[in-house]
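S.K.: Sequence and computational prediction follow.
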There are 2 protein chains.
Amino acid sequence: MTATHSTHLTHSTHIRPDVMHQVTLADVLRDHTRNRPGSLGAVCGEYRLDFPALDARVNQLSHALAGAGVGEGDRLLWLGQNCHRLIEGLLAAAKVGAVFCPANWRQSADEFAFVVNDADPSVVFWQEAEIGETLRQVRQDTGSKALWLQHDGEGDGSYEAFISTAPTIDPGVAIDEATAVLMMYTAAFTGSPNGALLSHRALVVQGSFMAQIQGVGADYVYLNCGPLFHVATFMTTLATFLSGGTNVFTPRADAEELCRLIVEEGCTGGFIMGPTMDQIIELNVDGRYNLKTLRAFPGKPEWTAMITVDTSGWGQKPAGYGQTEVMGMATLNALQPSIGSSGRPAPFVRIAMLSPDGEELPAGETGEIGVRGPTVMNGYFNRPELNTVRQAGGWHHTNDLGRIEADGSLTFVGPKGRLIKSAAENIYPAEVEACLKSHPAVADAAIIGVPDPKWDQNVTAIVVLAEGQTATADEIINHCRERIASYKKPKAVEFVDAIPRQGFAVDYDALDDRFGGGGYPGAGA
Amino acid sequence: MTATHSTHLTHSTHIRPDVMHQVTLADVLRDHTRNRPGSLGAVCGEYRLDFPALDARVNQLSHALAGAGVGEGDRLLWLGQNCHRLIEGLLAAAKVGAVFCPANWRQSADEFAFVVNDADPSVVFWQEAEIGETLRQVRQDTGSKALWLQHDGEGDGSYEAFISTAPTIDPGVAIDEATAVLMMYTAAFTGSPNGALLSHRALVVQGSFMAQIQGVGADYVYLNCGPLFHVATFMTTLATFLSGGTNVFTPRADAEELCRLIVEEGCTGGFIMGPTMDQIIELNVDGRYNLKTLRAFPGKPEWTAMITVDTSGWGQKPAGYGQTEVMGMATLNALQPSIGSSGRPAPFVRIAMLSPDGEELPAGETGEIGVRGPTVMNGYFNRPELNTVRQAGGWHHTNDLGRIEADGSLTFVGPKGRLIKSAAENIYPAEVEACLKSHPAVADAAIIGVPDPKWDQNVTAIVVLAEGQTATADEIINHCRERIASYKKPKAVEFVDAIPRQGFAVDYDALDDRFGGGGYPGAGA
């Protein structure tokens, strides 16, 4: 709750920002409040907040936070389901220069404890419903010094009591748009999650663009039924807020409640996954809910008949390449036809395929996808060494591999993983493994590097044959020789029954132990 | 040619920019060169430049300019028609931190002289064809100390000779994206034109957004046949460049040449005005040119049958509110249906109606349209007093009046003009005049303020009745009373045969002289 938690990754509010050229989330809320006072900004349970009402509550929370010592760069951790108070917390963070972090509420006690310790929040907004018992244990185990406010209750220690007596006027603090306002923990295939710090500017630029791609405007009513701790749901919440539309919050993807909200609020969009669609099809078999306001992806015929098919660019081609660290999408298939599997970057996004030495590779060569532009995160919270590696040369290193096609579009190759070096050439396992898996007899595959006195390393392929299929080592090596650069092809092939994995990730250490892997170059994050 | 021309309105290149979050026009060119080397960037006459070839020429020009002493903030003035060298000049300015100014080539010698004196350029790119004689006279009359380079010639003093021996490698100068890179002279209804300084950031953010609104992508081929000294043509040139599409340049809107280029280059867009459409209809009556690649606004049936109707948001609703000072459009009708005549702002654009005291007015009240956001100009070149007024309170003051409607959209009311004050209330002539003109018997109207000892000023309306129509002063006053706030209505009506004008603008001084106007409040730009 003091300024000691400040980090160099947030920018000082003492520097008066260039208000004429900057736009923060707080500025957007101020504009909506002034210019469209009659429009609904948020709907949640009994709460129906037009923009002035939403702004007044955000101002109350801002003053209460400031009174509790929350300031520049301090983290506000949200441990709960979807609720209007979540967006209030984000916008109050925007007004006081703090960082709002919506965390996964489905985590285990240990995972919660990691986040509480790692984010080191000044305030924790917590929820009694469903996860109260776990969170009380986490609070005790971590010895958290934060102010814990229950968002779904009343009286002492509650969010509502905290803001109830605070003034409703704007605190009027000058915040630089380069300041981080949102922190999202990234999925970690291996190791621990990291909190990506995203600036006002990243949110405003990306949200403005995605609103166009997704067909989100002032008349959009977005049903927030997906996880708001994930950028995939959040990006549409943001586009809706920026456009002055209405965000409708619901804690769970309950089919009946979703149908009720779509009908009553006239929802035009929502983050609805396949299993929920199936439940809605079953529930609404008699058509008692008219869901035609909803613009959604087509699906099973019954589903498609119930909704209006989304004809926006995103509705037609909802894919591309992205990650939390670049505030969602970096390239989009919706941006014109392309050869590459992941489409093209938005014009304000720069991409380059990077060699392990940081060189910008020419089109056609596989390298680590580097991204520059206003949507790139400020960095991971409290990870100085990792940030140095991931920001080397002024490129955000995505830890993913890609290739630029002849038309300038991007093909995602795979996670970067480790590097194999043969005769001074760099070999990324993901690229070779994709080639191996394209052989009709191969069900699964991985490659390792085996030390070689002359070539540094040679590639060995470990292959699982598809049931009832046969292939010789030579056939598999020839398959690769015809498709990728010769130095990348395996020199040897080992046949196994299964590739060892830890979760989704190949257990390369186990393969190295069994098949003599080693001698990997020292570099790489 | 020295650094003495630098202005505080451009930012220092000595501060290393945050390259990971910034995007300059030079960065965009570098990305296209690396990621889509096979794509055409510019076509002009015999020149067909893919991005690496375009980049090489831009680099040559950059080195040659730097060698001639051009640096940060120096102006490069373009006095010529559309040509690939115009975009080369812009991109070279981007690489060395200079400001490129494409000026109107149809001006008189006096107007040219004003621009040469006012812009105080380090380099003038001039054209022999059509305007050579005038420009030689201007050069002599102004005693310009700039380096004059003929862009449409060869040998001594020519653009081609100037760049021919310079290196083709990137100069690699670090430029802050907040630096001005484009200067455009604004149309001045009264007084002299002013050069609006627009930053890299303004161009990249606006161009990225307009590309989506206009349906411009990597496959777009834009026929640059409109005036590139005007933001209306330029915004699509920019969107095309940012998206990695092809800009095709032609010096004039010659119907036969346009048809040839559309067919040969497969142009998908162009800035084609009504008279040129008519010429094309006549020329192509036998359908000898297949113009179906062109996505354009519909028009006369013969025209609509020749082209493909543009179904982008812009193609369907090509209007909104904007001005050069905000890099084109600030609000767009394409952004969802709206009550207001001018649509809604892009999410990254903030707007507020401002009182004469700079207060942000609530929705429904008429005020000066204020704009904030990344697309707002840095300021006018060399107009410190005017900039102070136009940037008061951190809002760009547009000098135009508007009103926010109930749905948050904007209605453009009219140019701000001068202010009348009655009983401490502000009255903008444009609003009252629009009301007067909505009376069926009124053909034209203007209002003035007449000094009043009690109310400061009273409104007098000067009215021209429509042919064959009659109306009494009382009828006209009642018409206003029913439609606008009572304090705004005229107290008296004078009937005249014609409203005196200077050009388009009402000659209010003449009306004041004739009908006793005066006592105007001192404030206002």
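M.R.: Nice, thanks for sending it over. On a predicted model such as this, the values are computed, not experimentally measured, just so you know.

S.K.: only C-alpha atoms for contact and neighbour calcs from this point on.
M.R.: Will do.

S.K.: how about the residues of the stretch 151-300 of chain A near chain B?
M.R.: A:204-205, A:208-209, A:212-213, A:217-219, A:242-243 (CA under 8 Å from any CA of the partner chain).

S.K.: pull the CA atoms of the biggest helix by length in chain A into PDB?
M.R.: Criterion DSSP state H: the longest helix present in chain A is helix A:51-67. C-alpha atoms of helix A:51-67 as PDB (Å, rounded to 0.1, in the frame of the first residue of the first chain):
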ATOM      1  CA  PHE A  51     -21.800   5.800 -17.800                       C
ATOM      2  CA  PRO A  52     -22.300   8.600 -15.300                       C
ATOM      3  CA  ALA A  53     -23.300   6.000 -12.600                       C
ATOM      4  CA  LEU A  54     -20.400   3.700 -13.600                       C
ATOM      5  CA  ASP A  55     -18.000   6.700 -13.500                       C
ATOM      6  CA  ALA A  56     -19.300   7.800 -10.000                       C
ATOM      7  CA  ARG A  57     -18.700   4.300  -8.600                       C
ATOM      8  CA  VAL A  58     -15.200   4.200 -10.200                       C
ATOM      9  CA  ASN A  59     -14.500   7.600  -8.700                       C
ATOM     10  CA  GLN A  60     -15.600   6.400  -5.300                       C
ATOM     11  CA  LEU A  61     -13.300   3.400  -5.600                       C
ATOM     12  CA  SER A  62     -10.500   5.600  -6.800                       C
ATOM     13  CA  HIS A  63     -10.700   7.900  -3.800                       C
ATOM     14  CA  ALA A  64     -11.100   5.000  -1.400                       C
ATOM     15  CA  LEU A  65      -8.000   3.300  -2.900                       C
ATOM     16  CA  ALA A  66      -6.000   6.500  -2.800                       C
ATOM     17  CA  GLY A  67      -7.100   6.900   0.900                       C
END
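
S.K.: Partner strands of the helix or strand just after that helix, with direction?
M.R.: Using DSSP states H and E, the helix or strand that follows helix A:51-67 in sequence is strand A:75-79. Strand pairing for strand A:75-79, determined by DSSP bridges: strand A:99-102 (parallel), strand A:123-126 (parallel).

S.K.: circling back: dump the residues of the stretch 151-300 of chain A next to chain B to TSV, plus neighbour count, distance to residue A:159 and pLDDT.
M.R.: Putting those into TSV (neighbours: other CA atoms under 10 Å in any protein chain shown; distance: CA to CA, whole Å; pLDDT from 0 to 100) gives the following:
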residue	neighbour count	distance to residue A:159	pLDDT
A:204	25	27	98
A:205	24	31	97
A:208	25	31	96
A:209	23	33	96
A:212	22	35	95
A:213	21	36	95
A:217	24	31	95
A:218	25	29	95
A:219	19	30	95
A:242	26	25	98
A:243	25	27	97
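
S.K.: can you name the two of these that are farthest apart?
M.R.: Taking CA to CA as the measure, those span a maximum distance of 19.9 Å, between A:205 and A:219.

S.K.: Now tell me what touches stretch A:328-342 from outside.
M.R.: Defining contact as CA atoms under 8 Å, 6 or more residues apart in numbering or on different chains, one finds that stretch A:328-342 is touched by A:213, A:231-232, A:235, A:313-314, A:316-323, A:343-346, A:349, A:371, A:404-407, A:409-412, B:217-219.

S.K.: Which ones among those residues map onto helices?
M.R.: Residues of these located in helices (DSSP H): A:213, A:231-232, A:235, A:313-314, A:316.

S.K.: Pick out whichever of the residues you listed sits closest to chain B.
M.R.: Nearest to chain B out of the ones in helices among the contacts of stretch A:328-342 is residue A:213 (CA to the nearest CA; 7.6 Å).

S.K.: wait, isn't the closest one in contact with residue A:310?
M.R.: No: applying CA atoms under 8 Å, one finds residue A:213 not in contact with residue A:310, separated by 11.3 Å.

S.K.: ok, residues contacting stretch A:24-34?
M.R.: Residues outside stretch A:24-34 that contact it (CA under 8 Å, 6+ apart): A:51-52, A:55, A:91-92, A:94-95, A:175-177, A:200-201, A:204, A:242, A:244, B:347, B:350-352, B:361-363, B:408.
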